[in-house]
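S.K.: okay, here's the prediction I keep looking at, along with the sequence it came from:
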Amino acid sequence: MKKLLFYVIRTLSVFLLLSVTVVPSWVYAHGGATGVVKERMDAMSAMGDAMEIMGDMVKGKRPFESSAFLEGAKAVIDHSAKITVLFPEGSLSAKSEALPKLWTEWDQFVVMVKRTEKEADKLAALAENGSDSRALKKQFVKLGKSCKSCHTDYRKKKKEEH
Amino acid sequence: MKNRLFSVLLLISTILLSVTVMAESESEQDSVKRGEYIFALGGCASCHTNTEGDGKPLAGGLKMETPFGVFYTPNISSDSKLGIGSWSEQDFIKAMRKGISPEGDHYYPAFPYTSYAKMTDQDLLDLKAFLDVQPAVSELSKEHELSFPFNQRSLMAIWKWLNFDNSEFKSNPKKSTSWNRGAYIVNGPSHCVECHTPRNLMGGLDTDEGLAGNEDGPDGEAVPALIASNNKEFGDWDVSDIIFSLEVGMKPDGDFLGGSMGHVIENTTSRLSEEDLKAIAEYLKSPEG
């Protein structure tokens, strides 16, 4: 009986130890963020994942597939269409990287989000029409620049904790 | 007969003269064109145009908060009284490379002459040619708000003696032309080192720690290191990742660079030639000489 208990405890502790050390990094990526801040960070991450795949193709690190651009563009369209709702006025927390001027320049912010959505729309249309990789790359760069302009004005990266 | 000869000679000399004048204005235009590229390379607009405050181009007025006090960028438009329109070529080179005004005053290193000192004569003169043809803005530059002793410009002589390496750019014969071009851009006109290198207590660059990152960068931002030993993430980027991030602002993981770097991308790196971006990437992959 004692042996069995010892065995159980040992297995459990090994499991616990493993789960602490091998936990995938995404669990911590937005660690501590809650509520609407977490929701928008997750939406941003989802768009980032889509951008990563397309970016790899643009750089020639992954075989080029126009279906991936259609899928990726759609992910950006879906999330950016809903993103402004995830920025209710003053929704800042220790984890949020949004700058307060986002709310004083709200109209400008909305215009920029709309532009991102439009660039993603164009990318999806190109992918659907079977456009060549050059045309897709060009539009992808435009979409990327649109994402960047918002990040330049309204996001300040928090110092990472190690 | 004599009269005819005279008219022919007159005609020939007129043609010759107009050809020389045309050639000269053409080379001037070339200089302006090259200067426009140097202007982007230096990201001059990032600081000398107060975009957020709806300031006029090159009229300055951008507020820079530092541990030493508040600096306001000056008017560098072509206005002859309130800008730098009346400067001679020598004035301009002295300001850019030595950090000394035409009146002989020291500039504060918030103006990164510490990097511009590496720039070639040709690049500086081209830049001046471009600035000379930009619109004049008749707006007074704002005074800096610095506390004692930092408000004593003359003390900058000591600072320069301790912190300012005004030697010219030396290329490394063991490295490729492209690597050397990258080294020139990063340490000279584009002054990347000014933010990506830590500073000592006096605000001078800690040159032993070149590109090792700066926890307390401008606007309280932490500026990442650009060397693999201090930044594993960046160390994993390959040349194509660096080029793409400088061109578009997107990191390999799909996230975006923003903040101050966003402005650098907008005003500088997205405007550079593919060749120069490659040169920067090549240099950053192995900046040690």
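M.R.: Sure, I can see it.
S.K.: tell me the residues of chain A that contact chain B?
M.R.: Listed as neighbours of chain B in chain A under the rule Cβ under 8 Å from any Cβ of the partner chain: A:47-53, A:55-56, A:58-61, A:141, A:144-145, A:147-157, A:159-160. (C-beta placed from N, C-alpha, C; glycine too.)
S.K.: so which of those sit within helices?
M.R.: When the residues of chain A next to chain B are checked against helices (DSSP state H), the matches are A:47-53, A:55-56, A:58, A:141, A:144-145, A:147-154.
S.K.: ok, of these, which come out buried?
M.R.: Among these, the ones that count as buried by 16 or more other Cβ atoms under 10 Å in any protein chain shown are A:47-48, A:50-53, A:55-56, A:58, A:141, A:144-145, A:147-154.
S.K.: in chain B, which spans are strands?
M.R.: Listed from the start of the chain, chain B has strands (DSSP state E) covering B:63-66, B:69-72, B:145-146.
S.K.: among the ones you listed, which is nearest B:Glu282?
M.R.: Relative to B:Glu282, the nearest member of those by Cβ to Cβ is strand B:63-66, separated by 31.5 Å.
S.K.: what is the closest one packed up against?
M.R.: Under the contact criterion of 3 or more Cβ pairs under 8 Å, 6 or more residues apart in numbering or on different chains; DSSP states H and E, the helices and strands touching strand B:63-66 comprise strand B:69-72.
S.K.: tell me which residues of the strand it packs on are tucked away?
M.R.: By neighbour count on 16+ other Cβ under 10 Å, the buried set for strand B:69-72 is B:Gly69, B:Phe71, B:Tyr72.
S.K.: neighbours of the nearest residue to the first one once chain neighbours are set aside, how many?
M.R.: Among residues not flanking B:Gly69 along the chain, B:Leu146 sits closest, at 3.4 Å (Cβ to Cβ, 6 or more residues apart in numbering or on different chains). Around B:Leu146 sit 16 other residues, with neighbours defined as other Cβ atoms under 10 Å in any protein chain shown.
S.K.: B:Leu146 and B:Pro74, how far apart?
M.R.: Taken as Cβ to Cβ, to the nearest Å, the spacing of B:Leu146 relative to B:Pro74 amounts to 14 Å.
S.K.: any idea how far A:Ser131 is from A:Phe64?
M.R.: Using Cβ to Cβ, A:Ser131 is found at 12 Å from A:Phe64.
S.K.: swap in B:Phe150?
M.R.: Relative to A:Phe64, and taking Cβ to Cβ, B:Phe150 is found at 56 Å.
S.K.: how about B:Glu139: what's its closest non-neighbour residue?
M.R.: In space, not counting the residues next to it along the chain, B:Glu139 is nearest to B:Ala59; the distance is 4.7 Å by Cβ to Cβ, 6+ apart.
S.K.: please enumerate the helices of chain A.
M.R.: With helices called from DSSP H, chain A shows them at A:2-21, A:26-29, A:35-58, A:66-83, A:101-104, A:106-128, A:133-154.
S.K.: and the residue nearest to B:Gly69, what does it touch?
M.R.: For B:Leu146, the set of contacting residues under the criterion of Cβ atoms under 8 Å, 6 or more residues apart in numbering or on different chains consists of B:Phe68, B:Gly69, B:Val70, B:Phe71.
S.K.: what's the closest of the residues you listed to chain A?
M.R.: Of all the contacts of B:Leu146, the one sitting nearest chain A is B:Val70; the distance, using Cβ to the nearest Cβ, is 19.1 Å.
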